[in-house]
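*Asks:* Build the 3D model from these lines:
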Amino acid sequence: MSKEDILKDIERLISEVPIIYQYMPFEGAKTLLEDMTIMAKSPTEFNDPYDCDLELLDFSSASKDRYRKSIENFNSNLSSDKKHRKIDFESLTDDKVIEMYKNYAFPNFAKTIGVSCFSEKGDNSLMWSHYTRSHKGICIGFDLTKLYFSLRGLKKDELALIQVKYTDSFESIDYFEDYNASIYHWISTKSNIWSYEEEVRILFTNLKFNHHQKFLFEFDKKAISEIFLGSKITVENEEWIRDFSKENLKQTKLYKMTKPKNSFKLKAKELEI
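*Replies:* The predicted model follows:
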């Protein structure tokens with residue numbers, strides 16, 4: 001997968017999914033709106049142990065001859081006080097190289113990766129139940145084009161849009177055959193049991209996380225297209241959202257989720273700001 005392929009995939013996603021949604025408790029939404037920041041988390045902190053599982057990557061084709069030059073560069077760049085860390089190429093085995101990549105090199109790289117998670121839908125009752133404290137929070141709809149280019153201004157060439165793919169089969173792919181494709185596979189592959197989320201991810205690279213393994217990115221408030229209030233939001237919190245939107249987000253549409261009679265589906269009712 002080349003950079004051109006990545007850009008084409010981003011263009012396709014922006015075209016097909018103009019708005020992406022993020023469900024959250026009221027407290028998280030209040031912080032996001034006041035600071036105009038979205039959060040990226042380290043994949044190592046995801047709740048699902050199979051999400052971004054390192055077993056999705058196959059490191060078995062690694063060999064010491066393939067990385068002779070890298071090892072030589074590593075040894076030559078060691079400072080005098082770290083010469084004890086020098087790699088003995090002659091005694092190194094292919095199995096040891098595989099172990100180094102799987103247990104040390106890639107896990108360390110993974111710690112510099114951040115992911116922000118969104119959904120293609122803003123009216124999914126399961127998502128409202130799971131992520132908004134039982135419909136008491138809110139869901140924010142972001143204009144994907146505006147959000148992407150707002151963030152790209154901060155992290156040019158260091159972010160990507162990825163549509164999660166759901167599957168029943170757990171397959172590993174060769175990390176060394178196609179680096180970009182392997183990273184996409186690692187970030188985008190989830191079990192079919194999560195398919196109801198219809199997830200879209202923003203991938204960030206070269207991050208230095210805080211001690212909570214989180215990173216905050218500022219974005220242009222014009223990227224907020226819609227705000228949906230949960231059907232069980234408190235009167236106080238609804239008033240805060242209304243007042244904040246009236247003062248700061250005049251271009252944003254405001255809705256409240258309702259429970260229609262004789263239906264399990266949620267319906268959005270537009271509110272006057």
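
*Asks:* okay, now residue 268: neighbour count?
*Replies:* Per other C-beta atoms under 10 Å, the neighbour tally for residue 268 reads 17. Glycine gets a C-beta too; all of them are placed from N, C-alpha and C.

*Asks:* With just CA atoms, put the helix or strand encompassing it into PDB.
*Replies:* Taking DSSP states H and E as the definition, residue 268 sits inside strand 267-271. As requested, C-alpha coordinates have been extracted for strand 267-271 and formatted as PDB (Å, rounded to 0.1, in the frame of the first residue of the first chain):
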ATOM      1  CA  LYS A 267     -35.600   9.700  16.600                       C
ATOM      2  CA  ALA A 268     -33.800  13.100  16.500                       C
ATOM      3  CA  LYS A 269     -35.800  16.200  17.100                       C
ATOM      4  CA  GLU A 270     -34.200  19.500  16.100                       C
ATOM      5  CA  LEU A 271     -34.100  22.200  18.700                       C
END
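
*Asks:* in it, what counts as buried?
*Replies:* Applying a neighbour-count criterion of 16 or more other C-beta atoms under 10 Å, one finds 268, 271 buried in strand 267-271.

*Asks:* try stretch 79-89
*Replies:* Neighbour-count burial for stretch 79-89 flags residue 87 (criterion: 16+ other C-beta under 10 Å).

*Asks:* Show me how far it is from its chain's centre.
*Replies:* Stretch 79-89 has its C-alpha centroid displaced from the chain centroid by 36 Å (C-alpha atoms, centre = their mean, to the nearest Å).

*Asks:* Just the C-alpha atoms of it, please, in PDB.
*Replies:* Output for stretch 79-89, consisting of C-alpha atoms alone and laid out as PDB, is shown next (Å, rounded to 0.1, in the frame of the first residue of the first chain):
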ATOM      1  CA  SER A  79      27.100   6.800  22.600                       C
ATOM      2  CA  SER A  80      30.200   5.800  24.500                       C
ATOM      3  CA  ASP A  81      28.300   5.200  27.700                       C
ATOM      4  CA  LYS A  82      25.900   2.800  25.900                       C
ATOM      5  CA  LYS A  83      28.300   0.600  24.100                       C
ATOM      6  CA  HIS A  84      27.200  -2.200  26.300                       C
ATOM      7  CA  ARG A  85      24.000  -2.300  24.300                       C
ATOM      8  CA  LYS A  86      25.800  -3.100  21.100                       C
ATOM      9  CA  ILE A  87      24.300  -5.900  19.100                       C
ATOM     10  CA  ASP A  88      26.700  -8.800  18.300                       C
ATOM     11  CA  PHE A  89      25.800  -9.500  14.700                       C
END
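
*Asks:* Using just helix, strand and coil, how would you label residue 20?
*Replies:* When the structure is reduced to helix, strand and coil (DSSP: H, G, I helix; E, B strand; the rest coil), residue 20 reads as strand.

*Asks:* Burial check on it, number of neighbours?
*Replies:* If you count neighbours by other C-beta under 10 Å, residue 20 ends up with 28.

*Asks:* Can you give me every residue that contacts the nearest residue to residue 115 once chain neighbours are set aside?
*Replies:* Beyond its immediate neighbours in the sequence, the residue positioned closest to residue 115 (C-beta to C-beta, 6 or more residues apart in numbering) is residue 201, lying 5.2 Å away. Going by C-beta atoms under 8 Å, 6 or more residues apart in numbering, residue 201 touches 115, 116, 117, 118, 161, 162, 163, 164, 187, 188.
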